[in-house]
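J.: My questions are about this predicted structure, shown below with the sequence.
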Amino acid sequence: MSIEKPRTTAAVSGIDTSFDTAKVMTIDMGMFPPDAAFRGYVSIIRAQFSSISSATTATIRICVDSTGDEMLLTDTTSTIYTGLTTATKGTAMWAVEGFLGLQENDQFYVFLKVNNGSLTADYVEITWADSKN
């Protein structure tokens, strides 16, 4: 069993209190060949934030489409834990502990929103393996 940790490749600023299709983050789950469908055991999803302004929780939605209409993981909220030396950087985590799969590709589309204010999503990282053991 190998453990993989793919992540988004670009930060998205201005994440606020609504999901926004213009701020979708894509994660290529790294299947081989590249057009193979993803099937794997997802353990943890971690989001790293900066420029936190008033936000204390983050809600994630992961979809199979970039418009946010076909969900793979429905809206789930996590507390944002800020850094020890600054309150403007922080992390939220979600435990999935289950098998997820796509029919046609290996792209996950991640949407984020916060309860108050705004922040920048530096990256979202998904820890997964090809089996539970």
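T.: Received the coordinates, thanks. The structure presented is a predicted model; accordingly, all values stated were derived computationally and were not measured. Residues are numbered from 1 along each chain as shown.
J.: Pull out the buried positions in the strand ranked longest in the chain.
T.: Secondary structure of the chain read by DSSP state E shows that its longest strand is strand 39-53. Within strand 39-53, the residues scored as buried using 16 or more other Cβ atoms under 10 Å are 40-43, 45-49, 51-52. Glycine gets a C-beta too; all of them are placed from N, C-alpha and C.
J.: Need the pLDDT of Thr91.
T.: At Thr91, the model reports a pLDDT of 98.
J.: Now do the same contact list for it.
T.: 46-49, 80-81 (Cβ atoms under 8 Å, 6 or more residues apart in numbering).
J.: Between the residues you listed, which sits nearest Thr21?
T.: Nearest to Thr21 among those: Ala47, at 18.0 Å, using Cβ to Cβ.
J.: Spell out the residue ranges of the helices in the chain.
T.: When assigned using DSSP state H, the chain turns out to have no helices.
J.: residue furthest from the geometric center of the protein?
T.: In the chain, counting by Cα atoms, centre = their mean, Thr85 sits farthest out from the average C-alpha position, at 24.4 Å.
J.: you'd agree Arg46 is up against Met93?
T.: Yes: the pair Arg46 and Met93 passes the contact test of Cβ atoms under 8 Å, sitting 5.0 Å apart.
J.: Show me what the closest residue in space to Phe99 that isn't next to it in sequence is bridged to.
T.: Leaving aside its sequence neighbours, Phe99 sits nearest to Tyr41 (Cβ to Cβ, 6 or more residues apart in numbering; 5.4 Å). Listed by DSSP bridges, the beta-bridge partners for Tyr41 are Phe99, Ala129.
J.: Distance to Val64 and pLDDT for the contacts of Thr91 - can I get that in TSV?
T.: TSV is the format used below for the contacts of Thr91 (distance: Cβ to Cβ, whole Å; pLDDT from 0 to 100):
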residue	distance to Val64	pLDDT
Arg46	21	98
Ala47	19	98
Gln48	24	98
Phe49	24	98
Ile80	26	98
Tyr81	29	98
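J.: closest to Met25 among those residues?
T.: Using Cβ to Cβ, the contacts of Thr91 come closest to Met25 at Ala47, 9.1 Å.
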